[in-house]
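S.K.: One predicted model, sequence on top.
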Amino acid sequence: MKQLSLFGDEKKDDYQELGQYFTPEWMARDIVKSIKSYLDKESVDILEPAAGEGVFIDALREELYDKNVLISGVEIDPKLKSRLDDKYRNDRNVSISRNDFLNVHAKKKSDLIITNPPYVRSQKISRLQKLRLQELSVDEMGIEVSGYASLYVYFMLHAHCFLKQNGMSVWLLPGDFLGNNYGRVLREYLTNKVDLLRMHMYTFTESYFENATVSSLVVVFKKEQPTGDVLITKGSRMAVPDEKIDIQKNDLETDKWLKLFNVKSEVNIVGQRLGDFVDVKRGIATGNNAFFIKELPRNIAEDNMLSIPVYDPKLFLNKDTITDANVNVFKHVLYTRLDREVIGHKYPNLEEYLKWGEDNDIDKKYITSHRKVWYQQEIRKSPDYIFGNIFNAKRLERARFVKVDTDRIIATNSFLLIYLKPEFKNMKDILFDKLTKVPHSQFLEIGRVYGGGMVKVEPKELLELRI
Ligand SMILES: C[S@@+](CC[C@H](N)C(=O)[O-])C[C@H]1O[C@@H](n2cnc3c(N)ncnc32)[C@H](O)[C@@H]1O
């Protein structure tokens with residue numbers, strides 16, 4: 001279905017780097033139609049900060065025919081910019097500039113900002129750019145954005161400066177920010193810094209999975225003190241939603257906004273193959289756990305550039321969810337891309353430790369000596385779940401899943417890292433519930449039993465689990 005690829009296309013083309021997933025025309029028109037009643041001015045200055053093919057500009061020209069509109073579009077891609085120039089050559093009310101919106105300063109402010117911003121995942125944003133964008137969000141908004149945030153988070157925060165007081169902002173976003181950790185800054189922004197008016201979740205039934213829903217979300221707010229209720233709606237049309245409910249602003253303080261849409265209740269996944277919902281990878285091979293995994297002094301442990309907590313079930317008995325609050329019980333694994341010069345300069349203790357490692361031939365072990373830089377681990381995103389894939393047949397309860405609700409944890413290769421496919425991110429809790437109920441005997445069926453009763457489940461085998 002077309003809407004699935006709106007945010008979830010995995011093709012490795014250039015357009016992915018610029019997050020070029022265009023809004024369907026009908027959807028842009030549906031959105032503009034739905035926000036028209038909030039626009040009380042006759043003349044409206046509008047900004048489309050990621051214009052693409054101009055789908056929103058066209059919808060605005062069509063639906064706001066009875067208003068004086070002046071539309072400025074920004075687009076980074078020269079090919080698209082020249083197409084937009086051709087398209088609006090004879091339209092005096094539309095002007096397009098070729099720019100990186102995140103590099104533009106707000107000289108002129110707008111009554112309305114409307115867009116579907118680029119959806120570029122954090123892994124596709126270079127470290128330098130990330131640092132610059134993080135600084136920008138702190139400078140402009142006093143907001144610290146997680147290094148795991150997708151580009152649209154920075155886009156939305158930066159756009160705040162381009163909005164007139166009382167101006168309105170309308171964003172078509174992937175629904176993931178409702179529940180994930182890096183989305184928290186947006187949830188806080190929408191709760192405390194602006195007046196959130198409406199959120200609409202587009203729901204479509206994907207034929208491949210009967211009853212499973214995928215979502216994209218429209219967020220509408222004004223740059224004003226928060227007052228009144230928020231209208232929450234759901235359905236295949238924003239202008240004529242299937243369900244609607246008014247929610248008090250106080251109830252938005254709940255951490256998981258997904259609940260507002262009650263999306264879980266619609267999903268029926270019983271008996272499906274786990275691999276249809278997730279990807280599975282082995283944990284990282286450090287090359288020498290004794291050297292790389294340490295209890296670190298707090299100040300070093302908290303420096304995201306150097307290390308990341310590493311899962312250890314012995315330190316986490318009887319708990320089933322790793323969160324930001326409990327991640328500190330774990331030791332840390334050295335997890336950095338910093339080069340030696342920077343380490344020598346900024347982290348003399350670590351430099352000394354690395355030298356000690358070299359004196360003791362840690363850099364000459366099989367894995368370390370095959371790396372480009374011997375101490376630099378492969379960097380992986382924190383998973384959605386972790387699974388201990390080696391256990392004894394007599395102690396099948398050891399084969400258990402933990403849920404990961406933080407973006408600061410990794411596991412070594414005695415574990416499997418499980419990642420929800422993008423379109424199923426909103427099913428994290430319900431899938432976890434199913435995983436905890438899988439009969440232990442199934443692990444014997446999918447895995448291999450070795451001498452002495454050891455059972456091992458390989459990544460490919462885990463995909464075959466029935467949930
Ligand atoms: C998700 S597409 C959406 C386009 C259009 N808003 C729509 O709804 O169809 C995002 C667009 O932003 C552009 N883009 C990406 N990074 C940008 C940036 N830093 N500044 C301005 N435009 C950017 C991409 O080239 C792409 O055309």
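M.R.: Structure received. Numbers count the residues shown, from 1 in each chain.

S.K.: What residues does this protein have near the ligand?
M.R.: 18-23, 50-53, 55-56, 74-77, 80, 100-102, 115-116, 118-119 (CB under 6 Å from any ligand atom). The way it works is simple: take the backbone N, C-alpha and C, and place the C-beta from them, glycine included.

S.K.: Drop anything exposed from these.
M.R.: 18-23, 50-53, 55-56, 74-77, 80, 101-102, 115-116, 118-119 (16 or more other CB atoms under 10 Å).

S.K.: out of those residues, which are inside helices?
M.R.: Under the assignment DSSP state H, these contribute 55-56, 80 to helices.

S.K.: would you turn these into a markdown table with pLDDT?
M.R.: Putting those into a markdown table (pLDDT from 0 to 100) gives the following:
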| residue | pLDDT |
| --- | --- |
| Val55 | 97 |
| Phe56 | 98 |
| Leu80 | 96 |
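
S.K.: of all those residues, which comes closest to the ligand?
M.R.: Val55 (4.2 Å; CB to the nearest ligand atom).

S.K.: what separates that closest one from Met454, distance-wise?
M.R.: 56 Å (CB to CB, to the nearest Å).

S.K.: so what's the residue in the chain that the ligand sits nearest to closest to, chain neighbours aside?
M.R.: In the chain, the residue that lies nearest the ligand is Gly52 (2.4 Å; CB to the nearest ligand atom). Distances taken as CB to CB, 6 or more residues apart in numbering place Phe22 nearest to Gly52, at 5.1 Å, with adjacent residues excluded.

S.K.: Got the phi and psi for Trp356?
M.R.: For Trp356, the backbone dihedrals (degrees, to the nearest 10) come out as phi -60, psi -40.

S.K.: count of neighbours near it?
M.R.: Neighbourhood size, Trp356 [other CB atoms under 10 Å]: 11.

S.K.: sorry, back to before: in strands, which of the buried ones among the residues of the chain next to the ligand appear?
M.R.: 74-75, 115 (DSSP state E).

S.K.: Reformat those as a markdown table; add pLDDT.
M.R.: What follows is these, written out as a markdown table (pLDDT from 0 to 100):
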| residue | pLDDT |
| --- | --- |
| Val74 | 98 |
| Glu75 | 97 |
| Thr115 | 98 |
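
S.K.: before we move on, back to that, in contact with the residue of the chain closest to the ligand, which residues?
M.R.: By CB atoms under 8 Å, 6 or more residues apart in numbering, the residues touching Gly52 are 20, 22-23, 75, 80, 116.

S.K.: Which pLDDT value goes with it?
M.R.: In this model, Gly52 is scored at 96, pLDDT.

S.K.: Repeat that for Phe204.
M.R.: For Phe204, pLDDT reads 63.

S.K.: immediately after the longest helix along the chain, which helix or strand?
M.R.: When the chain is parsed with DSSP H, its longest helix is helix 127-141. Counting by DSSP states H and E, the element after helix 127-141 in chain order, helix or strand, is helix 151-159.

S.K.: Show me what the next helix or strand along the chain from that following helix is packed against.
M.R.: Using DSSP H and E, the helix or strand that follows helix 151-159 in sequence is strand 163-174. The contact analysis (3 or more CB pairs under 8 Å, 6 or more residues apart in numbering; DSSP states H and E) places strand 163-174 against helix 25-35, strand 110-115, helix 151-159, strand 213-222.

S.K.: Quick one, which of these gets closest to Asp384.
M.R.: Judged by CB to CB, the one of the helices and strands packed on strand 163-174 that comes nearest to Asp384 is strand 213-222, at 16.6 Å.

S.K.: Walk me through which strands that closest one pairs with, and which way each runs.
M.R.: Strands that pair with strand 213-222, judged by DSSP bridges, come out as strand 163-174 (antiparallel), strand 195-205 (antiparallel).

S.K.: Report the angle between the last one and helix 25-35.
M.R.: Read that as strand 195-205. For strand 195-205 against helix 25-35, the angle by axes from the mean of the first three to the mean of the last three CA atoms, to 10 degrees is 150 degrees.

S.K.: Contact partners for the closest residue to Glu295 other than its chain neighbours?
M.R.: Once flanking residues are discounted, Glu295 sits nearest to Lys331: 5.1 Å by CB to CB, 6+ apart. Counting by CB under 8 Å, 6+ apart, Lys331 makes contact with 293-296, 309-310, 312, 315.

S.K.: mind checking how far Lys331 is from Pro459?
M.R.: For Lys331 relative to Pro459 (CB to CB), the value is 24 Å.

S.K.: How about Lys33: what's its closest non-neighbour residue?
M.R.: Nearest-residue entry for Lys33: Ala239, 4.7 Å, with adjacent residues in sequence omitted and distances by CB to CB, 6+ apart.

S.K.: Double-check that neighbour against Lys36; I have them as touching.
M.R.: No. Using CB atoms under 8 Å, Ala239 is not in contact with Lys36, being 9.4 Å away.

S.K.: ok, back up a step: where among the strands paired with strand 213-222 is the average confidence lowest?
M.R.: strand 195-205 (a mean of 86).

S.K.: Help me confirm that Ile114 comes into contact with Pro49.
M.R.: No. Using CB under 8 Å as the test, Ile114 is too far from Pro49 to be in contact (9.1 Å).
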